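structural data only, the sequence is not supplied:
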């Protein structure tokens, strides 16, 4: 697969051959769903909590005698049927994370890259660098390029001026190649890879 390489000035500066086994796979929505579900489950805090009966403040004394009152038998005012009582089978502090095989995670990332390439939403950038961290300058260049919702993935290190200039732009994310993930790729309309990112991702995923 061959794509043009552009600059931030929207000029074509060359071309690049993309590996078919990374950027040319068929789109598997089931794999993408499993991966996004795995990512979002991992980031859940899991700090929800309700009190069980042993944590409710109150007496353990029997409210009234077992028989002869005409009322239903009760053993504790901390029981769930009373106001202020315990919650039965309520949520507890736990991790929502679950396992997903490495092969599936690797395939999901390749599938996400292939999906963007198939939709024509993959752009190869010569370099993501700025001389000064000017948000207005970067916003103007993005407007010229027609990028409204974009994820920019650079090489091992992100240019500090480019990263700072993009921080105040809505719907713009900048990541190093080791941070490339399925959820961020899919949530933005356009995926922009630098030449360094392409080399690193192909070496990582082949």
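In hand now; what should we look at? Since this is a predicted model, take the numbers as computed values, not measurements.

residue 192 and residue 146 touch, don't they?
No: Residue 192 lies out of contact with residue 146 (C-beta atoms under 8 Å); the separation is 11.7 Å. (Glycine included, C-beta is placed from N, CA and C.)

what comes up buried for stretch 149-169?
The neighbour-count check on stretch 149-169 (16 or more other C-beta atoms under 10 Å) flags 150-155, 158-159, 161-166, 169 as buried.

which two among those are spaced furthest apart?
Farthest apart among these by C-beta to C-beta are 155 and 169. That separation is 20.6 Å.

quick one, domains of the chain?
Taking automatic domain parsing as the reference, the chain has its domains at 2-45+97-205, 50-90.

chain center to the last one: distance?
In this case it means domain 50-90. Distance of domain 50-90 from its chain centroid, counting by C-alpha atoms, centre = their mean, to the nearest Å, is 44 Å.

now the strands for this protein?
All strands of the chain, identified by DSSP state E, fall at 2-6, 12-17, 122-125, 150-153, 172-175, 190-194.

which residues does the spatially most central residue of the chain contact?
Central residue of the chain (C-alpha atoms, centre = their mean): residue 183, 4.0 Å from the mean position. By C-beta atoms under 8 Å, 6 or more residues apart in numbering, residue 183 lies in contact with 35-36, 39-40.

quick one, longest helix in this structure?
Looking across the chain with DSSP state H, the single longest helix is helix 102-118.

tell me the contacts of the most far-flung residue of the chain relative to its centre?
Computed with C-alpha atoms, centre = their mean, the residue of the chain farthest from its C-alpha average is residue 68, at 61.4 Å. With contacts defined as C-beta under 8 Å, 6+ apart, residue 68 has no neighbours.

check residue 58 and give its pLDDT.
With respect to pLDDT, residue 58 scores 86.

and the longest helix of the chain, what does it pack against?
Using 3 or more C-beta pairs under 8 Å, 6 or more residues apart in numbering; DSSP states H and E, the elements in contact with helix 102-118 are helix 20-23, helix 29-43, helix 182-187, helix 195-205.

before we move on, back to that, can you flag which of the buried residues of stretch 149-169 belong to helices?
Filtering these for helices - DSSP H - leaves 161-166.

thinking again about what came up before, deepest-packed of the domains of the chain, please.
Of all the domains of the chain, domain 2-45+97-205 carries the top mean neighbour count, a mean of 16, counting by mean count of other C-beta atoms under 10 Å.
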